[in-house]
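A.B. asks: Give the three-dimensional model of this entry:
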Amino acid sequence: HRSIDRPAPAGMKGFLGAEYSNDYWKLDGVVVRMKMKPSKADLAEAEMRAAAERGTMLGHTKTFAQKRIDAELVEQQELVSGLTLDYDNLSDDDTPVEAS
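C.D. replies: You can find the predicted model right below:
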């Protein structure tokens, strides 16, 4: 703190040190840093980067026709996988394959 023994520097006459600010001693030696806000240019650049990332994700969309074809394909695959056959293979002979 400032006193007669520790005067303010020559160019800082009338300057009060941090210890005279409100609640300085409540901080217990912790110095709070000022938060700097990003400039408008930085904000615009960050927004452009975010928009570019969104554009790359949205560029891989499917049309409704492609979605319908995919849904039909999945449905047909489920039907085929659910088939149970009396025969192990499909051929012209009508004799069932003997299990060994």
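
A.B. asks: what residue ranges in the protein are flagged as low confidence?
C.D. replies: 1-25, 27, 29-33, 86-100 (pLDDT under 70).

A.B. asks: Let's see that with 80 instead.
C.D. replies: Applying pLDDT under 80 to the chain picks out residues 1-35, 57-61, 84-100.

A.B. asks: how about the helices in it?
C.D. replies: Secondary structure of the chain (DSSP state H): helices located at 40-58, 64-81.

A.B. asks: Residues touching the first one, excluding its own?
C.D. replies: Residues outside helix 40-58 that contact it (Cβ atoms under 8 Å, 6 or more residues apart in numbering) are P38. From N, CA and C alone the C-beta is placed, and that goes for glycine too.

A.B. asks: And that helix, what's buried?
C.D. replies: Buried residues in helix 40-58, counted by 16 or more other Cβ atoms under 10 Å: none are found.

A.B. asks: picking that back up, TSV for the helices of the chain, including distance to M34?
C.D. replies: What follows is these, written out as TSV (distance: least, Cβ to Cβ, whole Å):
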stretch	distance to M34
helix 40-58	17
helix 64-81	52
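
A.B. asks: Of all the ones you listed, which one is nearest K26?
C.D. replies: Nearest to K26 among these is helix 40-58; the distance by Cβ to Cβ comes to 33.7 Å.

A.B. asks: Now that closest one - C-alpha only, CSV.
C.D. replies: Extracted in CSV, the C-alpha atoms of helix 40-58 (Å, rounded to 0.1, in the frame of the first residue of the first chain):
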residue,chain,number,x,y,z
LYS,A,40,-16.2,-8.3,-34.9
ALA,A,41,-13.8,-9.7,-37.5
ASP,A,42,-13.0,-12.7,-35.2
LEU,A,43,-16.7,-13.3,-34.6
ALA,A,44,-17.4,-13.2,-38.3
GLU,A,45,-14.6,-15.6,-39.1
ALA,A,46,-15.8,-18.0,-36.4
GLU,A,47,-19.3,-17.8,-37.8
MET,A,48,-18.1,-18.5,-41.3
ARG,A,49,-16.1,-21.5,-40.1
ALA,A,50,-19.2,-22.9,-38.3
ALA,A,51,-21.3,-22.3,-41.4
ALA,A,52,-18.8,-24.1,-43.6
GLU,A,53,-18.9,-27.1,-41.2
ARG,A,54,-22.7,-27.1,-41.4
GLY,A,55,-22.5,-26.9,-45.2
THR,A,56,-20.3,-30.0,-45.4
MET,A,57,-22.6,-32.0,-43.2
LEU,A,58,-25.7,-30.9,-45.1
